[in-house]
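S.K.: Next come a sequence and a model predicted from it.
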Amino acid sequence: MQKLGLLLAAAVLLASACSEGGPKPECPDLTGTATAEIVMLDNTFEPDCFTVARDQSLTIRNRGTALHNFSVQNSPVDLDVAAGNETAIEEIGEVLQPGDAKVVCTYHPEMTAEMTIT
(Lines give C-alpha, C1' and ligand atoms only; values in the text may rest on other atoms or scores of the structure.)
Protein backbone atom coordinates (compact mmCIF):
# COMPACT_ATOMS: atom_id res chain seq x y z
CA MET A 1 0.00 0.00 0.00
CA GLN A 2 2.85 2.39 0.81
CA LYS A 3 4.42 1.68 -2.61
CA LEU A 4 1.15 2.59 -4.31
CA GLY A 5 1.10 5.91 -2.44
CA LEU A 6 4.68 6.66 -3.51
CA LEU A 7 3.89 5.78 -7.12
CA LEU A 8 0.85 8.07 -7.11
CA ALA A 9 2.87 10.91 -5.59
CA ALA A 10 5.61 10.44 -8.20
CA ALA A 11 3.03 10.42 -11.00
CA VAL A 12 1.47 13.66 -9.74
CA LEU A 13 4.89 15.35 -9.52
CA LEU A 14 5.85 14.17 -13.00
CA ALA A 15 2.55 15.31 -14.50
CA SER A 16 2.80 18.76 -12.92
CA ALA A 17 6.42 19.17 -14.04
CA CYS A 18 5.55 18.29 -17.64
CA SER A 19 2.32 20.26 -17.92
CA GLU A 20 2.11 23.51 -19.82
CA GLY A 21 1.53 26.75 -17.98
CA GLY A 22 4.04 26.02 -15.24
CA PRO A 23 5.93 28.84 -13.55
CA LYS A 24 8.19 30.90 -15.78
CA PRO A 25 11.84 31.12 -14.97
CA GLU A 26 12.65 34.17 -12.89
CA CYS A 27 12.28 37.37 -14.86
CA PRO A 28 15.46 39.43 -15.28
CA ASP A 29 15.93 42.51 -13.13
CA LEU A 30 17.01 45.31 -15.49
CA THR A 31 17.12 48.00 -12.80
CA GLY A 32 20.92 48.05 -12.41
CA THR A 33 21.57 50.44 -15.30
CA ALA A 34 20.38 53.91 -16.33
CA THR A 35 18.76 52.47 -19.47
CA ALA A 36 17.01 49.13 -19.84
CA GLU A 37 16.82 47.56 -23.30
CA ILE A 38 14.03 45.46 -24.76
CA VAL A 39 14.46 43.81 -28.16
CA MET A 40 11.59 42.97 -30.47
CA LEU A 41 12.18 40.06 -32.80
CA ASP A 42 9.59 38.67 -35.13
CA ASN A 43 6.76 37.90 -32.76
CA THR A 44 8.72 37.84 -29.48
CA PHE A 45 9.99 40.33 -26.94
CA GLU A 46 13.38 39.64 -25.38
CA PRO A 47 13.15 39.32 -22.51
CA ASP A 48 9.46 38.45 -22.36
CA CYS A 49 9.27 39.35 -18.68
CA PHE A 50 11.40 41.90 -16.85
CA THR A 51 11.65 44.41 -14.02
CA VAL A 52 12.52 48.08 -14.56
CA ALA A 53 12.72 51.10 -12.24
CA ARG A 54 10.60 54.26 -12.51
CA ASP A 55 13.67 56.46 -12.90
CA GLN A 56 15.16 54.43 -15.76
CA SER A 57 14.85 55.06 -19.45
CA LEU A 58 13.74 52.22 -21.68
CA THR A 59 15.14 51.62 -25.16
CA ILE A 60 13.00 49.44 -27.42
CA ARG A 61 14.80 48.02 -30.47
CA ASN A 62 13.10 46.25 -33.36
CA ARG A 63 15.53 43.65 -34.71
CA GLY A 64 12.78 41.85 -36.58
CA THR A 65 11.80 42.19 -40.22
CA ALA A 66 8.25 43.44 -39.56
CA LEU A 67 6.74 46.58 -38.05
CA HIS A 68 6.14 45.96 -34.34
CA ASN A 69 4.47 47.85 -31.53
CA PHE A 70 5.22 48.28 -27.81
CA SER A 71 1.86 48.89 -26.20
CA VAL A 72 1.45 48.82 -22.41
CA GLN A 73 -2.13 47.90 -21.60
CA ASN A 74 -4.16 50.43 -19.61
CA SER A 75 -1.60 53.18 -20.22
CA PRO A 76 -0.82 55.87 -22.80
CA VAL A 77 2.27 53.95 -24.02
CA ASP A 78 1.64 52.79 -27.60
CA LEU A 79 4.81 52.97 -29.70
CA ASP A 80 5.31 51.74 -33.27
CA VAL A 81 8.86 50.70 -34.14
CA ALA A 82 9.75 49.96 -37.77
CA ALA A 83 12.08 47.07 -38.58
CA GLY A 84 15.69 48.00 -37.83
CA ASN A 85 14.71 51.07 -35.76
CA GLU A 86 14.42 51.90 -32.09
CA THR A 87 12.53 54.24 -29.80
CA ALA A 88 12.82 55.17 -26.14
CA ILE A 89 10.87 56.18 -23.07
CA GLU A 90 13.08 58.74 -21.35
CA GLU A 91 11.81 58.16 -17.81
CA ILE A 92 9.49 55.24 -17.25
CA GLY A 93 7.89 56.79 -14.15
CA GLU A 94 6.67 59.80 -16.14
CA VAL A 95 4.25 57.62 -18.12
CA LEU A 96 3.79 54.43 -16.07
CA GLN A 97 2.88 53.74 -12.46
CA PRO A 98 4.69 51.16 -10.30
CA GLY A 99 3.28 47.66 -10.51
CA ASP A 100 2.78 44.91 -13.05
CA ALA A 101 1.90 45.67 -16.64
CA LYS A 102 1.22 43.61 -19.73
CA VAL A 103 3.00 44.60 -22.94
CA VAL A 104 1.61 43.57 -26.32
CA CYS A 105 2.42 44.19 -29.97
CA THR A 106 -0.89 45.36 -31.41
CA TYR A 107 0.10 44.00 -34.84
CA HIS A 108 0.94 40.55 -33.48
CA PRO A 109 -1.29 39.95 -30.41
CA GLU A 110 0.51 36.70 -29.57
CA MET A 111 3.64 38.81 -28.95
CA THR A 112 3.43 39.69 -25.25
CA ALA A 113 5.66 40.48 -22.30
CA GLU A 114 5.21 41.06 -18.60
CA MET A 115 6.81 44.18 -17.11
CA THR A 116 7.17 45.03 -13.42
CA ILE A 117 7.88 48.68 -12.58
CA THR A 118 9.45 49.37 -9.19
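M.R.: The structure has been received and is ready for your questions. Numbering: from 1, shown residues only.

S.K.: hey, let's count contacts and neighbours off CA atoms from now on
M.R.: Fine.

S.K.: ok, and what's touching the top strand by length along the chain?
M.R.: If each strand of the chain is counted by residues according to DSSP state E, the longest one is strand 108-117. Here strand 108-117 makes contact (C-alpha atoms under 8 Å, 6 or more residues apart in numbering) with 43-45, 47-54, 68, 96-105.

S.K.: 6 Å - rerun?
M.R.: Strand 108-117 is contacted by residues 43-44, 48-53, 98-105 when judged by C-alpha atoms under 6 Å, 6 or more residues apart in numbering.

S.K.: in it, what's buried?
M.R.: In terms of neighbour count (16 or more other C-alpha atoms under 10 Å), strand 108-117 has its buried residues at 111-117.

S.K.: Provide the contact partners of whichever helix or strand Arg61 is part of at residue level.
M.R.: Arg61 is part of strand 57-62 when elements are defined by DSSP states H and E. By C-alpha under 6 Å, 6+ apart, the surrounding residues in contact with strand 57-62 are 35-40, 83-92.

S.K.: who touches Glu91 in this structure?
M.R.: 55-57.

S.K.: again with Thr31
M.R.: Counting by C-alpha under 6 Å, 6+ apart, Thr31 touches 52-53.

S.K.: Look at it and give its secondary structure.
M.R.: Three-state assignment for Thr31 (DSSP: H, G, I helix; E, B strand; the rest coil): coil.
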